[in-house]
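In: coords below, sequence missing:
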């Protein structure tokens, strides 16, 4: 953590202009951070990147921001050179960078955009796989957010600074940061890292489709695709948003105010019946699942074992998930089949729960009969014992 | 028909002798005689265990791969399997409680004194066997709770110097608790322990027949002054019917407990999972478990856990030889009573502390 | 305390009443006792008779007909409380795996067009040896043993 903070300190120092830095503190921080740097481990020194300063001596000149990327590219775009360190490492980072928004602006002289050292740090550089690296998957959003979440930095460019905050509230952020699922997308998953650009309206769906292939396949085969293409509407975005992607809810489907479909659809536009049917079947399925869960829980509390019912409920939940995926076909048929299967499974689970509750009642009734017999026996036996002759002996 | 059966049997079996002996058997009747029922109750519950245990054996499979599933099978698929299994589990707990009640009542009523020393010794060993039954049986469903409780319980044996490692390996069938442990403890639970217990119960009953019910010293003193003061009742039918009353009531209790509080199945044991929080043994071992928690790691250079285990061992050994070292004077009897009360309160307090989850 | 003589009626019947009352009591005892005995023996008798499904499907389970599982196709079957998938590779070999995706526990399926085991939830892919080769899944699928007996596929956990 310390080298990262040190590197951050250095980067911010650079952003405000190196002339205002207390040179002494800056160099100490830099040399300290460099001890834990992949370049140092590879045998590089200060001289490898810095030239001697005009003051001479041990002072090294700060590198102008516009010169940083070409400097790094001297090695990192040289395939023959990089092969000596890692034969499989990529060497197209600079080529990608100059196509990116950051790269284009930096080449034009705008120094307030990101360059290599802003994301990778300048002196304590770690591999991307190292969890301490600012470009490790769990840290990427924080790194990008340092500028893209800062309104003072974004307003001069006319950009929204709310995006990193939006992403942090998304299901992807929860998956990545809370569950540790590194397959969950962060900034660079959709925007690219070196060639960072927004995907653009036509391409958004391709980005989402990398993981959400099934939904993309269904959407592309559906009537919606042509319509969205015609009106220039981004596919997934229209309903799911791009950064603050939340768990979809069944209530999104409907014609009332607040439903997602209602953004475009009303009673007069086509698809009304399909929307109503889909929503109704989803509600029915959810109700069946909830009812089955309730009775199974009651049975378990009564001491009954309902593993089969739980399995059937798992199937029902699975089929509900698949039904929700099939919504993206925007047609009633494949969706309705799956939803019906789900309802059947949920009913099967419910039946198991009901049978277990009936069994519990049978057990209690059987116990009642046996207990009555025992009580009658005990009373009679008690009477008999009382009537036994008292026999003194000794 | 009935008139011919009896003479036929009497000609071949010593029925007449047995019935005659029983007819003359008497049981003293005094203010403490309610405690006489606990021994028979323990035996009754043991009988229940043998019966339900034999039934469970028809479906249970003692291997790590199948044990849990076989218990699940008994609880869900076998008709009344839930009842047999829950009765077995509840009856085990009741039996341990009864055995302790029987032990303490015999202690406080001084029934261990001459000539009943061997009855006491065999009874003490039977109590230890009962605890061993509980320990070995607890692992058999092979669920998470029992797996870790067995691991923790067998770990404690490692504190014994020199022999500790061997004892642990002997109990576990290896270094760790594995399927080998399950098979081994199963063998103990259904064959070795029952065989030894049967022999000891036979001896215990034989001795009770020989010596009859012991009279507490205070009652005995009153008898010495006034011979007609002791009231007795015949074993047949008075005492036996009262026994039957208690046994039937307990049977109904077991059925009710099994219906309203069925024994849990839990989740299958996973050898590679970390131990969940709050692992603890069955309630009758809790007092020892809690005591171990309160001891510091070392006391004057000696392992704290070992000290506790040693102390308990010394206590058990002392209890075993009690009849041979106890005095006959009222004063020494009072000391015994106080020692017994101390032991009982200590165990009760430790158990309560463990149940309320307090930790040092 | 048991009283010596039961309270007889004032008419002084005395001895003859006692046997009558005792035999009524005995009869009642026998009746209730018989009932209790029946309520013990009935569950035991039902318990002793083997249930319809004679044993738990723990170690192995049937996965349907071998003949109807064509090459380059798969079938999901229940195995205990979890799903299992049995596939026939394009070369004709039978393989079986746990069908719970190691990413977020969706049930996987066979995709003949990819010739891979595929998870619909996030496009995770496993090769025909169960190894996770594409998408989010972090671990391979657990492999099961497959045997065929009289056209019945039997899959079993590897011990």
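Out: Now that the structure is in, tell me what you want to look at. The structure presented is a predicted model; accordingly, all values stated were derived computationally and were not measured. Residues are numbered from 1 along each chain as shown, chains lettered A, B, ... in the order given.

In: So for residue 12, what's the pLDDT?
Out: As the question left the chain open, I've gone with chain A. Note on residue A:12: pLDDT of 60.

In: try again with chain C
Out: 46.

In: Could you do the one 4 residues further on as well?
Out: According to the per-residue confidence, residue C:16 scores 49 in pLDDT.

In: got it, and the one 10 residues further on?
Out: Per-residue confidence (pLDDT) for residue C:26: 89.

In: and it, how many neighbours?
Out: 14 (other CB atoms under 10 Å in any protein chain shown). (C-beta placed from N, C-alpha, C; glycine too.)

In: Same check on residue B:24?
Out: 11.

In: Then the one 5 residues further on?
Out: In terms of burial, residue B:29 registers 21 neighbours under the definition other CB under 10 Å.

In: Distance check, it against residue B:232.
Out: Using CB to CB, to the nearest Å, one obtains 6 Å as the distance from residue B:29 to residue B:232.

In: same thing with residue B:257?
Out: 35 Å.

In: what sits against the residue in the stretch 151-300 of chain A positioned nearest to chain B?
Out: With CB to the nearest CB, the shortest gap between the stretch 151-300 of chain A and chain B falls at residue A:300, namely 10.3 Å. Listed by CB atoms under 8 Å, 6 or more residues apart in numbering or on different chains, the contact set of residue A:300 reads residue A:306.

In: can you give me phi and psi for it?
Out: Note on residue A:300: its backbone torsions stand at phi -60, psi -40 [degrees, to the nearest 10].

In: show me where chain B has strands.
Out: Taking DSSP state E to define them, one finds strands in chain B at B:26-29, B:231-234, B:298-299, B:302-303.

In: how about those strands in TSV, adding mean pLDDT?
Out: As requested, the strands of chain B are arranged in TSV below (pLDDT from 0 to 100):
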stretch	mean pLDDT
strand B:26-29	88
strand B:231-234	86
strand B:298-299	82
strand B:302-303	81
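
In: Centre-most residue in the chain?
Out: Since you didn't name a chain, this refers to chain A. residue A:172 (1.3 Å; CA atoms, centre = their mean).

In: My question was about chain C, not that one.
Out: When chain C is reduced to its mean C-alpha position, the closest residue under CA atoms, centre = their mean turns out to be residue C:56, at 4.6 Å.

In: Return the distance of that one relative to chain B.
Out: Counting by CB to the nearest CB, to the nearest Å, the gap from residue C:56 to chain B is 4 Å.

In: do residue A:359 as well
Out: Look at residue A:359 and chain B: by CB to the nearest CB, they are 9 Å apart.

In: For that residue, grab the count of nearby residues.
Out: Other residues within reach of residue A:359, judged by other CB under 10 Å, total 15.

In: How about residue B:287?
Out: Count around residue B:287 with other CB under 10 Å applied: 20.

In: shouldn't it be in contact with residue B:344?
Out: No: between residue B:287 and residue B:344 there is no contact under CB atoms under 8 Å: 10.3 Å.

In: where along chain C do the strands fall?
Out: For chain C, the strands defined by DSSP E occupy C:60-65, C:73-79, C:82-88, C:94-98, C:109-111, C:116-119, C:124-126, C:132-134, C:143-149, C:152-156.

In: Can you lay out those as JSON lines showing mean neighbour count and mean pLDDT?
Out: Converted to JSON lines, the strands of chain C look like this (neighbours: other CB atoms under 10 Å in any protein chain shown; pLDDT from 0 to 100):
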{"stretch": "strand C:60-65", "mean neighbour count": "16", "mean pLDDT": "86"}
{"stretch": "strand C:73-79", "mean neighbour count": "18", "mean pLDDT": "91"}
{"stretch": "strand C:82-88", "mean neighbour count": "22", "mean pLDDT": "93"}
{"stretch": "strand C:94-98", "mean neighbour count": "21", "mean pLDDT": "95"}
{"stretch": "strand C:109-111", "mean neighbour count": "17", "mean pLDDT": "94"}
{"stretch": "strand C:116-119", "mean neighbour count": "24", "mean pLDDT": "94"}
{"stretch": "strand C:124-126", "mean neighbour count": "23", "mean pLDDT": "94"}
{"stretch": "strand C:132-134", "mean neighbour count": "16", "mean pLDDT": "93"}
{"stretch": "strand C:143-149", "mean neighbour count": "15", "mean pLDDT": "92"}
{"stretch": "strand C:152-156", "mean neighbour count": "18", "mean pLDDT": "91"}
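
In: And those strands: which comes nearest residue B:315?
Out: Closest approach to residue B:315 among the strands of chain C is made by strand C:82-88 (49.0 Å; CB to CB).

In: which outside residues touch the closest one?
Out: By CB under 8 Å, 6+ apart, the list of residues contacting strand C:82-88 reads C:61, C:63-64, C:69-78, C:94-100, C:107-110, C:117, C:128, C:141, C:144, C:146, C:153, C:155.

In: repeat for stretch A:358-374
Out: The set of residues that contact stretch A:358-374 without belonging to it, under CB under 8 Å, 6+ apart, is A:299, A:302-304, B:82-83, B:248-249, B:251-252, B:255-256, B:259, C:32, C:35-36, C:39.
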